[in-house]
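>>> No letters, just coordinates:
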């Protein structure tokens, strides 16, 4: 048992084929956890498993659309079958919107962003809860965003989805604290990852948001810095932390 208390634990990390998810998956493995890598990209997922194994850890991949209930259920079932336990769920997978203002947001943009960023974490957490309850507890860590704390960090769809994640975290923490299940989130500031923003340059939303972000952010963060915060929130070192949304943003939330 390491001082994090993560050795031997079963961990699911979504969006682990790249970026923050990959960094977190490898860090969990180095802490002695067994890690299921869930991602839509089969190549990225396989590469992360290879990194886990190079680090001396145990890893496996499940590939699919996590906003599909059957895929979410499969992720949890595989983790329990392969590891014998599911102690930590990291709901990290997400996509950006086009920085569209509400009046510029079409149905497809809204529905896709909400489904990936909010519905998928709901489905995965719902599937994981019975196993955590039966085991006497667990930890769920979400990747929220600065856009979950303010209105000027992204478009309407992404902002709404991440505010929804923050609400889900707080409700989950209150509802299940007596069952020893903790729910927390990181709220990353701008971070160097592979996430893409397909913004229309002449739209109202991207122009306004670009000016606001440029005036207030600090330095660009790294995926490893975000992953360190995820690992801490999941670990025994944060045993009395529940319902927290932790900005990891070089002070942007304080501006």
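Structure's in. What do you need? Quick caveat: nothing in here was measured; it's all calculated off a predicted structure.

>>> What is the neighbour count of the closest residue to residue 251 other than its chain neighbours?
Spatial nearest neighbour of residue 251, chain neighbours left out: residue 218 (5.6 Å); criterion: Cβ to Cβ, 6 or more residues apart in numbering. Bear in mind the C-beta positions are built from the backbone N, C-alpha and C, glycine included. A count of nearby residues for residue 218, using other Cβ atoms under 10 Å, gives 13.

>>> With residue 92 instead?
27.

>>> mind listing what it touches?
Counting by Cβ atoms under 8 Å, 6 or more residues apart in numbering, residue 92 touches 13, 14, 15, 16, 20, 21, 24, 141, 142, 143, 230.

>>> which one of those residues sits closest to residue 171?
Within the contacts of residue 92, proximity to residue 171 (Cβ to Cβ) peaks at residue 142, which comes in at 11.8 Å.

>>> Is the closest one in contact with residue 182, as I believe?
No. With contact defined as Cβ atoms under 8 Å, residue 142 does not count as touching residue 182 (11.5 Å).

>>> In terms of neighbours, single out the busier of these two.
Applying other Cβ under 10 Å to residue 142 and residue 182 shows that residue 142 carries more neighbours, namely 30 against 25.

>>> Distance check, the more buried one against residue 55.
24 Å (Cβ to Cβ, to the nearest Å).

>>> which stretches of the stretch 151-255 of the chain form strands?
181-188, 191-192, 221-222, 245-248 (DSSP state E, counting those that start in this stretch).

>>> Dump these to CSV, plus mean pLDDT and distance to residue 81.
Listed next are the strands of the stretch 151-255 of the chain as CSV, based on pLDDT from 0 to 100; distance: least, Cβ to Cβ, whole Å:
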stretch, mean pLDDT, distance to residue 81
strand 181-188, 98, 21
strand 191-192, 88, 33
strand 221-222, 94, 34
strand 245-248, 98, 32
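
>>> For residue 164, find the nearest of the ones you listed.
Between the strands of the stretch 151-255 of the chain, strand 181-188 lies closest to residue 164; by Cβ to Cβ that is 11.4 Å.

>>> strand partners of the closest one, parallel vs antiparallel please.
strand 138-143 (parallel), strand 245-248 (parallel) (DSSP bridges).

>>> Dump those into JSON lines; add distance to residue 126 as well.
Below are the strands paired with strand 181-188 laid out as JSON lines (distance: least, Cβ to Cβ, whole Å):
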{"stretch": "strand 138-143", "distance to residue 126": "11"}
{"stretch": "strand 245-248", "distance to residue 126": "20"}
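
>>> Out of those, indicate the one that is most buried.
strand 138-143 (a mean of 28; mean count of other Cβ atoms under 10 Å).

>>> Now do that one, average pLDDT.
Mean pLDDT, strand 138-143: 98.

>>> Could you point out which of the contacts of residue 92 is nearest to residue 69?
So of the contacts of residue 92, ranked by how close each gets to residue 69 (Cβ to Cβ), first place is residue 14, at 14.2 Å.

>>> Give the bridge partners for the closest one, please.
Bridge pairing for residue 14 - DSSP bridges - gives residue 38.
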